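Asker: Sequence plus predicted model, see below.
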Amino acid sequence: GAVVSQHPSWVICKSGTSVKIECRSLDFQATTMFWYRQFPKQSLMLMATSNEGSKATYEQGVEKDKFLINHASLTLSTLTVTSAHPEDSSFYICSAPGGRGINEQFFGPGTRLTVL
Amino acid sequence: GDSVTQMEGPVTLSEEAFLTINCTYTATGYPSLFWYVQYPGEGLQLLLKATKADDKGSNKGFEATYRKETTSFHLEKGSVQVSDSAVYFCALSDRGNTPLVFGKGTRLSVIA
């Protein structure tokens, strides 16, 4: 099956710094990728849809200036948490659709962000 | 809009017990249905899926049947193991290029 990777798998940073998380589709192309956030013991919350070659679409309530998304190529989307604060600590997960005719999403392993 | 409702957890079972996790959905079209599993500290793994009515998805002893008449996709396993302890998410997708709609997740703990 298709593989999606995320890097880093975990990161600890100081408050006020920025953190970049990469999401890569390893063996297929993804014009669209999705970014989710998951709080402890809760479900996944869709943050934004990343579109290759155009601006990301953010869900209501998600600050686009704080969570910068760049979909630079058909295999890479990045999420940058700018000026991170402790409340941004969370588990961030990306996914990519499997492609034409494949009604399935492939998920990355997630990135755990801890902001001190 | 589309939605998924799954039974509240946590669910605690003894090893070899029968498992059912209920999932119902609301959708305007004919969605594909999925069960994902999340082990502690890890991302989501696809457990099984069904793309049309009456399809049965199965994997690792788990099964779920797409019931259009009851808009349900209940997850079952005849004999759970300690290693099945995880959080299970029911989800649907209307089209391949749209994000999944998830249920809230059900935490399963299996004790020896």
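Answerer: Everything's here; your move. Residues are numbered from 1 along each chain as shown, chains lettered A, B, ... in the order given.
Asker: Neighbours of residue A:104, how many?
Answerer: Neighbour count for residue A:104, taken as other C-beta atoms under 10 Å in any protein chain shown: 18. For the C-beta atoms, the positions are set from N, CA and C on the backbone; glycine is no exception.
Asker: Low-confidence ranges, chain B, go.
Answerer: Within chain B, the segments meeting pLDDT under 70 span B:96.
Asker: which ones are touching the residue of chain B found nearest chain A?
Answerer: Scanning chain B for the residue nearest chain A gives residue B:43, at 4.0 Å (criterion: C-beta to the nearest C-beta). Contacts of residue B:43 were listed using C-beta atoms under 8 Å, 6 or more residues apart in numbering or on different chains, and they are A:6, A:93, A:107, A:108, A:109, A:110.
Asker: for the chain, what spans make up the strands?
Answerer: All of this is about chain A. Per DSSP state E, chain A carries strands over the ranges A:4-7, A:10-13, A:19-25, A:32-38, A:44-51, A:57-58, A:67-73, A:76-81, A:90-97, A:105-107, A:111-115.
Asker: let's do chain B instead
Answerer: In chain B, the strands defined using DSSP E lie at B:3-6, B:11-14, B:19-21, B:23-26, B:32-38, B:44-50, B:56-59, B:62-65, B:75-77, B:86-93, B:101-102, B:106-111.
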